[in-house]
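> pasting the sequence and the predicted model now:
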Amino acid sequence: MSLVEFFDNQIVLESDRALLRPLAASDIDDLETISYTDGLWEYGRRVKNK
């Protein structure tokens, strides 16, 4: 398998607890819903202003 063929494949990793796959346009509604969850941003949105 060439590098081009390797990177053209969509690799999916899945277990009984997680699914990792490339994002698709059809994921936008679910991502938008998740992005408004306060718990998600509890630690990530702290920005220092200098």
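Ah, there it is.
> use CA for all of it now, contacts and neighbours both
Noted.
> what segments of this protein are helices?
With DSSP state H, the ranges of helices along the chain come out as 3-8, 28-35.
> return the residues in contact with residue 10.
Counting by C-alpha atoms under 8 Å, 6 or more residues apart in numbering, residue 10 touches 21, 22.
> mind starting the numbering at 9 from now?
Got it, the first residue is 9 from now on, which makes the last one we talked about residue 18.
> before we move on, back to that, out of the helices of the chain, nearest to residue 26?
helix 36-43 (15.9 Å; C-alpha to C-alpha).
> and the contacts of that closest one?
Contacts of helix 36-43 (C-alpha under 8 Å, 6+ apart): residue 48.
> ok, back up a step: right, so the helices of the chain: which one is the most enclosed?
helix 36-43 (a mean of 10; mean count of other C-alpha atoms under 10 Å).
> rounded mean pLDDT for that one, please.
Averaging pLDDT along helix 36-43 yields 90.
> can you give me the strands in the chain?
Using DSSP state E, the strands of the chain run over residues 21-22, 27-28.
> circling back: the helices of the chain into TSV, with extra columns for distance to residue 51?
What follows is the helices of the chain, written out as TSV (distance: least, C-alpha to C-alpha, whole Å):
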stretch	distance to residue 51
helix 11-16	33
helix 36-43	14
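> which one of the ones you listed lies nearest to residue 27?
Across the helices of the chain, closest to residue 27 is helix 36-43 (C-alpha to C-alpha), at 14.5 Å.
> okay, residue 15: pLDDT?
At residue 15, the pLDDT value in this model is 76.
> repeat that for residue 24.
On the pLDDT scale, residue 24 gets 97.
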